[in-house]
Each structure stands twice: as C-alpha cells, then as structure tokens.
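Student: Below are the sequence and a predicted model for it; my questions follow.
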Amino acid sequence: MKERAELTSASPAGPSLARHIERQIGRVFQSHAIAVTAEAIAAYANAIGETDPIYQLRGQPQLSGDAAQPVPPTFLFTLSIAKPRPFDVYEELGVEQARILHAEQSFSFWAPIVAGQCLTFTPRLTGVSEKRDGALLFVTTTTAVADQMGQRVAELGTTIAVRQAVAGDAPRPAGHPVMPSTIRPAIAMPPITPETLARFATASGDHNPIHLDSAAAHAAGLDDVIAHGMLIAAYAGRAVGRWFPGRRIVHFATRFTGMTRLGDIITLSVAADEPGPKPRSFIISAHDQFGDMKLRSRVVLETAVI
C-alpha cells in the first residue's frame, strides 16, 4: 500500500469527512453480544468451500475438549457485524457504504473461540489517514472481544479504504502470470461466480450491494460487482488448515492488494516468514489467474511446524 499522508486542511479528501472522523479518534461505539452457534459456523464453512469436519454440525456444543466446535479463523469478522446495522460504525462516521473497500484486517486470539460461547464486541475508532492524492481515506477501528465471563479472548483490527474519487477498475495485468514459490502445494479455488458471492453474503452478513448488484457497483464507479475481501481472506484461513492441520492460529493479519472480480480463479501459496527448520509464522499470498496479487497475509501459529 502506498504511503499515506497526514490530514491537512488543504487535503483533496476535504475537511468535512476527514476532519469529522479525525475529531472522533478514540470514540468507543455501541457493544453488541452474540451467541456463537454451530449452525452459523457450518454455514460459513460451507460458503467458503471448507470441508474440514471440525467445522460441521456435531450435536450439542461443548465449550472445551475434543468435542468443541471451533470457528474458522476469519469468522470473527462475521460475528462483529452480526447486528441490525452491520456497518453502523461507518454510518455514524458519515461514510457511504458503497464507497467502502476492505484494506486490512487482523485477528489476534488469546483463547479458542468455539460454538456455545457468547461473545461481546466493542469497537473503537483508532485512526484515520489518506493517500497523498486524496483518492482514498483510510479509517481504522480496533474491536475488543470478550467471552461470557468478561475475559478478553480476541481482538480485531479493521482498516477500510473509502473511495473518494470515482474511477473504473484497474486494467488486467498483461503477460504471463508468475506465481510465487510455495513450501506447501498451492491451492486453487473454483472461479468466483455471482452464486459464490451470494452464498458468502448470506453466511457472513455482508450484503454491501457492490458485491451483489451490478447496477450498484456501476453507480459506485466499478465495472461490475467485486468479491468480498473477507471471502478471499477466508480462503487464506482455509488454506492454513489444509497446510498445517491441527495448529491453532494466534495471529492472522491481512492486507488486501487488489479487487477480485467475477470469473477470477484464486490460487493460494505459502512461504515461511522466519528462518530455521521449525517456523511458527508464515506469509500467505493469493493471486488470480493473471498473476495479480489479491492479498498478503501473515499468520502466526501457536506451535512450530516441523
């Protein structure tokens, strides 16, 4: 991501929205509590093509032990917007939903999240900045997650990019794709279709029309609908389970680097992020069939991989 500039009164973003948000840094927004259900976990897993049986329905949820049904690593974002107004934070800041793109997303886990828990999400505005040309305004929130006992179990960091200049999609890269090397077999996902996006919208609760309605996407300056960034991040989380089965994720941070369009075939690769024979941290890359990178994630596992 290109360098971001400090906000100034002469900012092309305009003092109205940028300054309005900047004055509210530190604001804590309304909390919401939600039960983690086995049905919602299974629906989310199915929407991202996850076939690992640990995410499927198993009867009465257990809060610990082998019978506990864990959540996919990116599922916490879905829970964070599972409320009557999913994007109320941005609405209250004056941000138009159709202008929102997901720029960065991180998850830190201090305890396992499983079906049967009740979690409380409390978002706080922690930053605002912009690119020097003023085309994008970046808004960052940090969301604390506590369990039914009031214990901190996780934290989400979310950065959105507010598109302030209307322009079409970037052109496709030319030439032959060059995919990065990978220490585990690359994983290719099926092509992105309208049905893919509709299933994910239903399971994730993200019904932003730029992902579902061509007319809305055109009105927002896009050539057509684009995939949810969190769908591609969920693919990356799914790949971690395939490459490193049984390893618990303690940190997962993603930077979104490009839009994913209908027809795109996403391929995931992985490289060690530290030297030595037993790494714990890895870099995951997602590219389309043209070699265009869609995201770069860093994942840290609880135990080393031999």
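Tutor: All right, it came through fine. Numbering: from 1, shown residues only.
Student: Okay, domains of the protein per the record?
Tutor: The chain breaks down into these domains under automatic domain parsing: 1-165, 176-306.
Student: Switch those over to a markdown table; also include mean pLDDT and mean neighbour count.
Tutor: No exception for glycine: its C-beta is placed from N, CA and C like everyone else's. As requested, the domains of the chain are arranged in a markdown table below (pLDDT from 0 to 100; neighbours: other CB atoms under 10 Å):
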| stretch | mean pLDDT | mean neighbour count |
| --- | --- | --- |
| domain 1-165 | 87 | 17 |
| domain 176-306 | 94 | 18 |
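Student: what's next to the strand or helix carrying Ala217, contact-wise?
Tutor: Per DSSP states H and E, Ala217 falls inside helix 214-219. Applying CB atoms under 8 Å, 6 or more residues apart in numbering, the external contacts of helix 214-219 come out as 98, 209-210, 223-226.
Student: Redo those residues as CSV? Include distance to Val300.
Tutor: Shown next, in CSV, are these (distance: CB to CB, whole Å):
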residue, distance to Val300
Ala98, 34
Pro209, 35
Ile210, 32
Asp223, 36
Asp224, 36
Val225, 33
Ile226, 29
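Student: Would you convert the residues you listed into CSV that also reports secondary structure?
Tutor: What follows is the contacts of helix 214-219, written out as CSV (DSSP: H, G, I helix; E, B strand; the rest coil):
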residue, secondary structure
Ala98, helix
Pro209, helix
Ile210, helix
Asp223, coil
Asp224, coil
Val225, coil
Ile226, strand
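Student: which of those residues lies closest to Ile187?
Tutor: Ile226 (21.3 Å; CB to CB).
Student: so who does that closest one touch?
Tutor: Ile226 neighbours (CB under 8 Å, 6+ apart): 169, 210-211, 217, 259-261.
Student: circling back: following the helix holding Ala217, which helix or strand shows up next?
Tutor: helix 229-243.
Student: next helix or strand past that next one?
Tutor: With elements assigned by DSSP H and E, the helix or strand that comes after helix 229-243 is strand 249-256.
Student: neighbouring strands for that following strand, and are they parallel or not?
Tutor: Here strand 249-256 is paired, per DSSP bridges, with strand 100-109 (antiparallel), strand 293-301 (antiparallel).
Student: counting contacts, what elements does the helix or strand following it pack onto?
Tutor: Of the helices and strands lying after strand 249-256 in sequence (DSSP H and E), the nearest is strand 267-272. When contacts are defined as 3 or more CB pairs under 8 Å, 6 or more residues apart in numbering; DSSP states H and E, strand 267-272 packs onto strand 187-188, helix 229-243, strand 281-287.
Student: Give me the residues contacting the longest one.
Tutor: Think helix 229-243. 44, 48-50, 52, 72-74, 77-78, 101-102, 105, 184, 187, 189, 196-197, 200, 204, 206, 247, 249, 252, 254, 256, 260, 266, 268, 270, 282, 284, 286, 294-295, 297, 299.
Student: Tell me how far stretch 49-59 lies from the chain's centre.
Tutor: Mean C-alpha position of stretch 49-59 versus that of the full chain (CA atoms, centre = their mean, to the nearest Å) differs by 21 Å.
Student: Check what contacts that stretch and list those residues.
Tutor: Under CB under 8 Å, 6+ apart, the answer for stretch 49-59 is 38-39, 41-42, 44-45, 67, 69-72, 189-190, 235, 238, 241.
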